[in-house]
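Trainee: got a predicted model here, sequence first, then my questions.
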Amino acid sequence: MSFVLDPLPYAQDALAPHISANTISFHYGKHHAGYVNKLNELTKGTPYETQSLTDVVKNTFGNPATVAIFNNAAQTWNHTFYWRSMKPQGGGVATGQVKDLILQSFDSLDSFSKAFTDAALGQFGSGWTWLVEKDGKVSIVKTSNADNPITQGYNPLITLDVWEHAYYLDFQNRRVDYANLFLTNLVNWDFANQNLVNKAHL
């Protein structure tokens, strides 16, 4: 079994004007594809070659001998999840059970939006901002580089990629604008609600 670059869930220009086709062409076609190709190269002939992507992430985490495999497996996982965390004409107020859980954990939907954006801005350097669930409660988690909250027992609901290659062609250094547009125009709350029922295993 080899790991594959999953197709995007929409056309490369479908998130425009918020995220351009040019950005997605480089981000998906170069960066994401590069992680998949490197993962296949590193796992060939190893026990990880026949494991699921989720299992590779979990089984290589924290082991200095497998850090390169972890980084490429986790980045493959993270990117696949990121694309699904957005949709054309997405964004706006959270829906369904996710909305109820957000209101239980935050004072209001506006408080959640501010906390999520603040987390994205507060992530120094490269990384990810996640809305996660654990034991029936939701929270916001930041991870650096390739790290993924599934290694800490969390169930990811949505994620925002805050590596510069995710937004720099469209926003330059304006990460705040990118984070705000993710919430107002792109986030896929249907996907978030699905992940409450069927935990994401890629």
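Mentor: Noted; the coordinates are in hand. Residues are numbered from 1 along each chain as shown.
Trainee: which parts of the longest helix seen in the chain are buried?
Mentor: Looking across the chain with DSSP state H, the single longest helix is helix 67-84. For helix 67-84, burial by neighbour count (16 or more other Cβ atoms under 10 Å) applies to 69-84. (Each C-beta comes from the backbone N, C-alpha and C, glycine too.)
Trainee: now swap in stretch 131-147 and tell me
Mentor: Within stretch 131-147, the residues scored as buried using 16+ other Cβ under 10 Å are 131-133, 138-143, 146-147.
Trainee: same thing with stretch 148-168?
Mentor: Within stretch 148-168, the residues scored as buried using 16+ other Cβ under 10 Å are 148-151, 154-163, 166-168.
Trainee: for stretch 184-192, the distance to its chain's centre please.
Mentor: The chain centre lies 12 Å from the centre of stretch 184-192; the measure is Cα atoms, centre = their mean, to the nearest Å.
Trainee: please narrow the buried residues of stretch 148-168 to those residing in helices.
Mentor: Tyr168.
Trainee: what residue ranges in the protein score low on pLDDT?
Mentor: Applying pLDDT under 70 to the chain flags the ranges 1, 200-202.
Trainee: now the strands: where do they sit in it?
Mentor: Counting by DSSP state E, the segments of the chain that form strands are 127-134, 137-144, 155-161.
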